[in-house]
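Enquirer: this one's sequence-less:
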């Protein structure tokens, strides 16, 4: 009932906006990286918008959004709305004057009521709001198959010491603990950056994490190096990672959880964000959340830093100030629109008025509570860095490191790119 009410209210608002702005029967271009189930969910969100507004939405999918977007900007033909792939890219575009300040588009008082300050702060740069978050993913999760665990007598670990003991037990039994997949087309490498960020948050303070993300400490810093080493000790070890480095580099991130559900299992653990639930269910029909797959928090490494939550989010920005784009952004900010999106994908909604019952299963509700109760939350580091670093050198550095390159060389390479990128960013401040 609440879901229907929210959607109806959102559509009534939308009709008013469209009528007032003369956008009916127009069209709107949206660019993003979404494919598969994410694209199907977005189409359902769009369907309600199109029916209420008469505006036709054209979605352009690309796996290499920064490159295509640059090409379109150079041609003077940017999309009306873009699903930004990272906070660093958003800031780059905002400082170049390519994005519309949403303070001039959305009702700020309503936005402040519906959104926690964290999500507004993350979208703010130089006084303007340049992104609208519609959902979030928790990344600090380790997935497992409860039935496979029970069959082998494996226990869910609560600490890093317990996790290492479990890995030793699995190897002794002839089992491979981890399944890792770094392949993602032009974005290959990003799953490894998530590992390193989670480790960094657990081996250094949140303040040090922020210094690293802001390049106030170099990539060659021993604390950064240690985080890479801990990841490498797993991803480069054929006993600990299914298929060894070759499989780690070639396995697509969306298929990397599959080895947990073969008979017998090829691996028993998979570290990935909350969005992986849609891939698990899509690739393995019939699996039941909680019975066939579940998660536990990525364990603390240094107890003094506890179990911080690393996260990411789906964000859209407006590039062309048109009536159709204004109507669409106002619609996306409503609980009704976000309810459709998160209900299809198992993501966590941003609008505070979303009914928790919209979440498809107990696991997703558990993740939503974990996000709300987190004492320390940090945004995905690579998404926050300048695009040339976070979506460039960092991704590539992970691939090079897993592929066998010396770590010092990898870190020096990223540091050189970071020096150039952050200095360039300061020049535009």
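Expert: Arrived safely, thanks for sending. Predicted model, so just to flag it, every value in this text is computed and none were measured.
Enquirer: who are the packing partners of the helix or strand hosting residue 197?
Expert: Element membership for residue 197 (DSSP states H and E) is helix 190-203. If you count contacts as 3 or more Cβ pairs under 8 Å, 6 or more residues apart in numbering; DSSP states H and E, helix 190-203 packs onto helix 206-213, helix 222-235, strand 270-271, strand 309-318, helix 381-384, helix 394-402. Any C-beta I mention is one placed from the backbone N, CA and C, and that applies to glycine too.
Enquirer: centre of the chain to the fourth one, how far?
Expert: What it means is strand 309-318. 6 Å (Cα atoms, centre = their mean, to the nearest Å).
Enquirer: would you tell me what the next helix or strand after it is?
Expert: The element immediately downstream of strand 309-318 (helix or strand, assigned by DSSP H and E) is helix 323-332.
Enquirer: between strand 309-318 and the next helix or strand after that next one, find me the angle.
Expert: Once helix 323-332 ends, the next helix or strand along the chain (criterion: DSSP H and E) is helix 335-345. Taking axes from the mean of the first three to the mean of the last three Cα atoms, to 10 degrees, one finds that helix 335-345 is oriented at 130 degrees with respect to strand 309-318.
Enquirer: and helix 335-345, what's its mean pLDDT?
Expert: Regarding helix 335-345, the rounded mean pLDDT is 91.
Enquirer: next one: stretch 49-57
Expert: Here the average pLDDT along stretch 49-57 is 95.
Enquirer: residues in contact with residue 208?
Expert: 200, 217, 223 (Cβ atoms under 8 Å, 6 or more residues apart in numbering).
Enquirer: the second one: how many residues sit nearby?
Expert: By that I understand residue 217. By the criterion of other Cβ atoms under 10 Å, residue 217 has 17 neighbours.
Enquirer: residue 143 belongs to a strand?
Expert: Yes: Residue 143 forms part of a strand when assessed by DSSP: H, G, I helix; E, B strand; the rest coil.
Enquirer: which residues does it contact?
Expert: So residue 143 contacts 257, 260, 269, 270, 271, 272, 276, 280, 293, 294, 295 (Cβ under 8 Å, 6+ apart).
Enquirer: rerun at 10 Å
Expert: Applying Cβ atoms under 10 Å, 6 or more residues apart in numbering, one finds that residue 143 lies in contact with 179, 256-257, 260, 268-274, 276-277, 280, 293-296, 363.
Enquirer: kindly report the same for residue 36.
Expert: 61, 254, 278, 279, 282.
Enquirer: can you redo the helices and strands packed on helix 190-203 as a markdown table with distance to residue 243 and mean pLDDT?
Expert: Formatted as a markdown table, these follow (distance: least, Cβ to Cβ, whole Å; pLDDT from 0 to 100):
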| stretch | distance to residue 243 | mean pLDDT |
| --- | --- | --- |
| helix 206-213 | 30 | 94 |
| helix 222-235 | 11 | 98 |
| strand 270-271 | 13 | 98 |
| strand 309-318 | 25 | 92 |
| helix 381-384 | 24 | 90 |
| helix 394-402 | 12 | 98 |
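Enquirer: quick one, which of the ones you listed gets closest to residue 101.
Expert: With Cβ to Cβ, the closest approach to residue 101 among those belongs to strand 309-318: 8.9 Å.
Enquirer: how much space between the nearest residue to residue 27 once chain neighbours are set aside and residue 169?
Expert: Leaving out its chain neighbours, the residue that sits closest to residue 27 by Cβ to Cβ, 6 or more residues apart in numbering is residue 56, at 4.5 Å. Residue 56 sits at a distance of 57 Å from residue 169 (criterion: Cβ to Cβ, to the nearest Å).
Enquirer: any idea which helix or strand comes after the helix or strand bottoming out on mean pLDDT in the chain?
Expert: When each helix and strand of the chain is scored by mean pLDDT, DSSP states H and E, helix 2-21 comes last, with a mean of 48. Heading C-terminal from helix 2-21, the first helix or strand you meet, by DSSP H and E, is strand 27-32.
Enquirer: strand partners (parallel or antiparallel) of that following strand?
Expert: The strands beside strand 27-32 in its sheet (DSSP bridges) come out as strand 56-61 (parallel), strand 81-84 (parallel).
Enquirer: and the angle from that strand to helix 323-332?
Expert: Interaxial angle of strand 27-32 relative to helix 323-332 (the same axes, to 10 degrees): 60 degrees.
Enquirer: quick one: buried residues of strand 27-32?
Expert: By neighbour count on 16 or more other Cβ atoms under 10 Å, the buried set for strand 27-32 is 28, 29, 30, 31, 32.
Enquirer: that strand: how far from the chain's middle?
Expert: Distance, centroid of strand 27-32 to centroid of chain: 21 Å (Cα atoms, centre = their mean).
Enquirer: stretch 95-107 now?
Expert: That offset, for stretch 95-107, works out to 22 Å (Cα atoms, centre = their mean).
Enquirer: where's the residue nearest to residue 261 when sequence neighbours are not counted relative to residue 178, distance?
Expert: Of all residues not flanking residue 261 in the chain, residue 284 sits nearest, at 4.9 Å (Cβ to Cβ, 6+ apart). Residue 284 is 18 Å from residue 178, where distance means Cβ to Cβ.
Enquirer: between these two, point out the one with more neighbours.
Expert: residue 178 (22 against 15).
Enquirer: wait, the more buried one touches residue 236, no?
Expert: No: counting by Cβ atoms under 10 Å, residue 178 stays clear of residue 236, with 11.4 Å between them.
Enquirer: touching both of these two, which residues are there?
Expert: Shared contacts of residue 178 and residue 236 (Cβ under 10 Å, 6+ apart): residue 248.
Enquirer: from residue 123, how far out is residue 108?
Expert: Distance from residue 108 to residue 123, by Cβ to Cβ: 12 Å.
Enquirer: for the nearest residue to residue 101 once chain neighbours are set aside, phi and psi?
Expert: Counting by Cβ to Cβ, 6+ apart, residue 101 lies nearest to residue 128, which is 3.8 Å off, once chain neighbours are set aside. Main-chain dihedrals, residue 128, degrees, to the nearest 10: phi -110, psi 160.
Enquirer: now do the contacts for residue 128.
Expert: Neighbours of residue 128 in contact, by Cβ under 10 Å, 6+ apart: 94, 99, 100, 101, 102, 103, 104.
Enquirer: what is the neighbour count of the nearest residue to the last one once chain neighbours are set aside?
Expert: The spatially closest residue to residue 104, leaving aside those adjacent along the chain, is residue 321, at 7.9 Å (Cβ to Cβ, 6+ apart). Using other Cβ under 10 Å, the number of residues around residue 321 comes to 12.
Enquirer: wait, doesn't residue 321 sit right on residue 78?
Expert: No: counting by Cβ under 10 Å, residue 321 sits too far from residue 78 to count as a contact (11.5 Å).
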